[in-house]
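Colleague: Prediction below, plus the sequence it came from.
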Amino acid sequence: MLSRVSVDPLGAELPNPLGIHEPNARRSRGPLGRPAGCAVDTVPLVRYRRLGDSDLEVSEVSLGSWLTYGEGVESEQTEACTRAAFDAGITLFDTSNAYGRGTAEQAWGEVLSDFKRDSYVLATKVFFPMSEEDRGLSRAQIHKQLDASLARLQTDYVDLYQCHRPDPETPIEETMEALTEVCEAGKVREIGFSEHPHRFRECRAIYPAPLPWVDAQNTERLDSYLRLIEQARAAGLPVKLALEWDYLPGFEAALERALGAHPWDYTIGSVHWLPPAARGGEWWGFDDPARISDWERVDVLEVYRRYFRLIGQAARTGLFDIIGHADVIKVMGYRPKADIADLYAAAASEFAAAGVCVEINTAGWRKPVGEIYPAPPFLRACRLAGVPVLINSDAHVPEDVGRDFDRAAAVAREAGYRETAAFAQRVRTMAPL
Ligand SMILES: [Zn+2]
């Protein structure tokens, strides 16, 4: 996403290329005009002013990165200069995709990712060649180059996107339209309702009986859920109808019947239960906090192996559009000591073969494990296998809807993703991340 755009129609390297025209410093940062936490506390080193007619406040001195970071100087110096700039109260950092053909942005992405994104104003540029074909200000290039800059800068928005030169081969209208599009690109496009089916009596058949944990909560009627979504749609909300289905091996036929009963926009398939290890044993809800002590008695690697086999199997049923929180087996924080790259790769290739998407699910950050699903190495394996993704918050309360999407998008980009999936009536479309 992009919050601001400036076009310099003359394309000159102006001494004041950011269009600052408010002469007086606006010192809203405390008595000395510096951000809180600044290391120097005697004389104000820099003053602040508004950027053009925007609502952005910037330091009057900015740090630029042409011919230096990522190119002329080593990473230690890059980091030292950048940190010194922060210490001096500088809040405006200005680079370009073309500086070092991306290496300047890359170098800064690594350093700036340590700082809170709202503690600095980030400016970059587009126009100069990035490869034989990639140059200029066409619509396609604006979208492509901005995405690439965001990935290198490890952020999901720049504050100021500048046209480095005019492009005589592209009508200015096309450039402006493309810039408007990237500005308007929102973060939450639609709201998917995907309750767990164990809540609904109509879905009881997809679970073994008895299963006390499910039986205790199996009290609602699906009708009331469907009606609620109808009402939200009637009120004009961009709402999608779904459930997050539990996959339990052996219950595929019941699942298929339940899935066929309503016009879902998408189906999420998740594994929350491991089947009994021996005949007569019980199903284990491994993410149930009441059963956490079970983890102390199991072979963690073996449990992971069983879990990963099951999610592959879930994908292969062809019943699901999306695999939910694909490595939720880690939820309680128990992890095998061994490297499990082979499990990731095997699951990713099952997902690819089955044509399912994987959700990047921010709820993991709110769970004991404190890590997004899937873990970055697993996500990279999915990317290598060509598995599409989408970003979900798995919110159980309204405040969590869309939570941490910025961070999740950065994780997706880091893994190499540039697009996310969306669904309507079980048809998948792709949109820029
Ligand atoms: Zn779940």
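Modeller: Good, I have the coordinates. Numbers count the residues shown, from 1 in each chain.
Colleague: to the chain's geometric centre, what's the distance from stretch 303-320?
Modeller: 24 Å (C-alpha atoms, centre = their mean, to the nearest Å).
Colleague: Let me fix that, I meant to ask about stretch 322-329.
Modeller: The answer for stretch 322-329 is 15 Å, by C-alpha atoms, centre = their mean.
Colleague: same thing with stretch 65-74?
Modeller: Relative to the chain's own centre, stretch 65-74 is displaced by 29 Å; criterion: C-alpha atoms, centre = their mean.
Colleague: Next one: the nearest residue to Val73 once chain neighbours are set aside relative to Ser65, how far apart?
Modeller: Excluding its sequence neighbours, the residue lying closest to Val73 (C-beta to C-beta, 6 or more residues apart in numbering) is Cys81, at 7.8 Å. All C-beta spots, glycine's among them, are computed from the backbone N, C-alpha and C. Distance of Cys81 to Ser65, given as C-beta to C-beta, to the nearest Å: 9 Å.
Colleague: What's the first helix or strand after the helix or strand harbouring Ala347?
Modeller: Secondary structure from DSSP states H and E places Ala347 in helix 341-354. On the C-terminal side of helix 341-354, the closest following helix or strand by DSSP H and E is strand 357-361.
Colleague: Please work out the angle formed by the directions of that next one and helix 341-354.
Modeller: Angle of strand 357-361 versus helix 341-354, following axes from the mean of the first three to the mean of the last three C-alpha atoms, to 10 degrees, is 130 degrees.
Colleague: Pretty sure Ile229 sits against Ser194.
Modeller: No - if you go by C-beta atoms under 8 Å, Ile229 and Ser194 don't touch, sitting 10.6 Å apart.
Colleague: Name the residue in those two with the higher neighbour count.
Modeller: Comparing Ile229 with Ser194 by other C-beta atoms under 10 Å, the one with more neighbours is Ser194, at 23 against 18.
Colleague: what are the bridge partners for that one, then?
Modeller: Ala242 (DSSP bridges).
Colleague: if we can go back for a sec, enumerate every residue touching the residue nearest to Val73.
Modeller: For Cys81, the contacting residues are 63, 68-69, 73, by C-beta atoms under 8 Å, 6 or more residues apart in numbering.
Colleague: Repeat that for Arg383.
Modeller: Contact analysis of Arg383 by C-beta under 8 Å, 6+ apart lists 415-417.
Colleague: Next: Pro376.
Modeller: Taking C-beta under 8 Å, 6+ apart as the criterion, Pro376 is in contact with 411, 414-415.
Colleague: hmm, 10 Å instead?
Modeller: Taking C-beta atoms under 10 Å, 6 or more residues apart in numbering, we find Pro376 in contact with 411-412, 414-415.
Colleague: What of Arg101?
Modeller: Listed by C-beta under 10 Å, 6+ apart, the contact set of Arg101 reads 70-71, 128-131, 134.
Colleague: what helices or strands is the helix or strand hosting Gly312 leaning on?
Modeller: Element membership for Gly312, per DSSP H and E: helix 300-316. Judged by 3 or more C-beta pairs under 10 Å, 6 or more residues apart in numbering; DSSP states H and E, helix 300-316 is in contact with helix 252-260, strand 266-270, strand 273-274, strand 322-323, helix 341-354, strand 357-361.
Colleague: again, 6 Å this time
Modeller: Packing contacts for helix 300-316, counted by 3 or more C-beta pairs under 6 Å, 6 or more residues apart in numbering; DSSP states H and E, involve helix 341-354.
Colleague: can you give me the angle the helix it packs on makes with helix 300-316?
Modeller: 10 degrees.
Colleague: next one: helix 341-354 to chain centre, how far?
Modeller: Computed by C-alpha atoms, centre = their mean, the chain-centroid distance of helix 341-354 equals 21 Å.
Colleague: ok, residues contacting that helix?
Modeller: Residues from elsewhere that reach helix 341-354 (C-beta atoms under 6 Å, 6 or more residues apart in numbering): 308, 311-312, 315-316, 378, 381-382, 385-387.
Colleague: which of those are buried?
Modeller: Using 16 or more other C-beta atoms under 10 Å as the burial test, the contacts of helix 341-354 include 308, 311-312, 315, 378, 381-382, 385, 387 as buried.
Colleague: low pLDDT regions in the stretch 1-150 of the chain?
Modeller: Within the stretch 1-150 of the chain, the segments meeting pLDDT under 70 span 1-44, 53-54.
Colleague: Could I get the full set of helices for this structure?
Modeller: Under the criterion DSSP state H, the chain contains helices at 75-87, 103-112, 139-153, 172-184, 212-217, 222-234, 252-260, 300-316, 341-354, 376-385, 405-414.
Colleague: most packed of those helices?
Modeller: Here the criterion is mean neighbour count by mean count of other C-beta atoms under 10 Å, and of the helices of the chain the winner is helix 103-112, at a mean of 22.
Colleague: Report all helices and strands that it contacts.
Modeller: Using 3+ C-beta pairs under 6 Å, 6+ apart, helix 103-112 sits against helix 75-87, helix 139-153.
Colleague: can you redo the contacts of Pro376 as TSV with distance to Gly100 and pLDDT?
Modeller: Output for these, formatted as TSV (distance: C-beta to C-beta, whole Å; pLDDT from 0 to 100):
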residue	distance to Gly100	pLDDT
Val411	25	96
Ala412	25	97
Glu414	20	95
Ala415	23	96
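Colleague: In a markdown table, list those residues along with distance to Ile172.
Modeller: Converted to a markdown table, these look like this (distance: C-beta to C-beta, whole Å):
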| residue | distance to Ile172 |
| --- | --- |
| Val411 | 36 |
| Ala412 | 32 |
| Glu414 | 34 |
| Ala415 | 36 |
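Colleague: of all these, which comes closest to Trp245?
Modeller: Checking the contacts of Pro376 against Trp245 with C-beta to C-beta, the nearest one is Ala412 at 23.8 Å.
Colleague: Against Gln106, how distant is that closest one?
Modeller: Relative to Gln106, Ala412 is positioned 17 Å away (criterion: C-beta to C-beta).
Colleague: And Arg50, by the same measure?
Modeller: 30 Å.
Colleague: Over to His272?
Modeller: Distance from His272 to Gln106, by C-beta to C-beta: 40 Å.
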